[in-house]
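Participant: Below: sequence and its predicted model.
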Amino acid sequence: MEIQNGGNMNEKALSVLEQYDLEINDTYRTKGDYGCETKTGKYILQEYNNSNEKMKTMKTLYNYLEKQGFKTDYVVANKEGEYVSISEDGYSYILKRWFDGEECNAYNEEQVCRAAEELAKFHKVCESTGELWEGGRGFHPGKNMLQAFARHNNEIVRIRNYIKKRKNKNYFEMSLQKIIEPYYRQGVLALSMIGESDYEKKYAAAVSSRSLNHGSFNHHNIMFENESIIMVNMMKINYAPQIQDLYDFLRKIMEKNSWSIALGNKMLDAYDGQRNISTSEYRILKAMFCYPEKFWKIINYYYNSNKAWYSEKNEDKLKQFQKQEDLRWKFIENM
């Protein structure tokens, strides 16, 4: 194998490509990874910090999804039949198939609705996957939202108490002190709502039946190539109620589109057209949307950052979040 046009890139990383049976015509950097052009298509070399066993599990899933008609960035085995390759300086890499497509546009109604449909199709074929792993472990249980919300609420209290004790508060901290209590109450309400639902039963059932949750289904991890839709970067696959994927995807798109009720309804209809959303799932979805997750992310980032430096970015994010609050609650009420 001959590598051409590597330029000034990391030669030790690129030397990993010699472990694959590919004729590589060109290499280039792309978002921190290494892209490869070959006669048979594009590939991408990524650093990888997990085991070869995990990648064997992923390959089993890739093969299954391909048989079901899905298109993914499946992992390629090296000449030794292993999925993880080690560079000269000891770093681990995987090689994945890649595409000429474009990332899903979060502001494009047709694309986000198609993505919602694809998510529903993925969920349908992955509702019970125990037989795929031949008695092996497969994947890990995913995030339990009841536990996550309880933890977030405790963190909000910790941050509230921290700011209260601060003597020389900056503008962000003074603004936060005025509004943190109402958002804490929102967190308590959402936790109560999800606790009163049948979420815990659904979580236990999902782990028992090995129901797959994508774990990172967002516009960055969906690509469009001509008429094809492609799922990429699937390394956070886990066992959890699949409604969590829909919540994550819908929430991020809503935040970017000013909580458009019309767009949200179209996305829910697109998903429901492929996989029915039950009444109990709608109840859980509504409870999760009641949680002020964006608020928690902003203040958690602030709390864990260097307080010696004042970040106007935190201030801007908080203002933007507050501007959308009425729209967020109108969206929730419409559910």
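Facilitator: Received, thanks. Numbering: from 1, shown residues only.

Participant: biggest helix in this structure by residues?
Facilitator: helix 171-196 (DSSP state H).

Participant: Which positions in stretch 153-169 come out as buried?
Facilitator: The neighbour-count check on stretch 153-169 (16 or more other C-beta atoms under 10 Å) flags N153, E155, I156, I159, R160, I163 as buried. Using the backbone N, CA and C atoms, a C-beta is placed for each residue, glycine as well.

Participant: repeat for stretch 88-104
Facilitator: For stretch 88-104, burial by neighbour count (16+ other C-beta under 10 Å) applies to S92, Y93, I94, L95, K96, R97, W98, F99, G101, C104.

Participant: my guess is D26 is in a strand, correct?
Facilitator: Yes: assessed by DSSP: H, G, I helix; E, B strand; the rest coil, D26 belongs to a strand.

Participant: before we move on, the earlier item: closest one to I284 out of the buried residues of stretch 88-104, please.
Facilitator: C104 (24.9 Å; C-beta to C-beta).

Participant: my read: that closest one touches F217, true?
Facilitator: No: assessed by C-beta atoms under 8 Å, C104 is found out of contact with F217, at 10.3 Å.

Participant: before we move on, the earlier item: could you give the average pLDDT over the longest helix of the chain?
Facilitator: Helix 171-196 shows a mean pLDDT of 95.

Participant: ok, then the element right after it?
Facilitator: helix 199-209 (DSSP states H and E).

Participant: gap between that following helix and the chain center?
Facilitator: The chain centre lies 20 Å from the centre of helix 199-209; the measure is C-alpha atoms, centre = their mean, to the nearest Å.

Participant: can you pull the alpha-carbon coordinates of that helix into PDB?
Facilitator: C-alpha atoms of helix 199-209 as PDB (Å, rounded to 0.1, in the frame of the first residue of the first chain):
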ATOM      1  CA  TYR A 199     -40.400   5.200  33.100                       C
ATOM      2  CA  GLU A 200     -38.600   2.900  35.600                       C
ATOM      3  CA  LYS A 201     -40.500  -0.100  34.200                       C
ATOM      4  CA  LYS A 202     -39.600   0.900  30.700                       C
ATOM      5  CA  TYR A 203     -36.000   1.300  31.600                       C
ATOM      6  CA  ALA A 204     -35.800  -2.100  33.200                       C
ATOM      7  CA  ALA A 205     -37.600  -3.700  30.300                       C
ATOM      8  CA  ALA A 206     -35.200  -2.000  27.800                       C
ATOM      9  CA  VAL A 207     -32.100  -3.300  29.600                       C
ATOM     10  CA  SER A 208     -33.700  -6.800  29.900                       C
ATOM     11  CA  SER A 209     -34.700  -7.000  26.200                       C
END
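
Participant: what residues are up against the closest residue to E155 other than its chain neighbours?
Facilitator: Counting by C-beta to C-beta, 6 or more residues apart in numbering, N300 is the residue found nearest to E155 once chain neighbours are left out, at 6.0 Å. Residues in contact with N300 (C-beta atoms under 8 Å, 6 or more residues apart in numbering) are H152, E155, I159.
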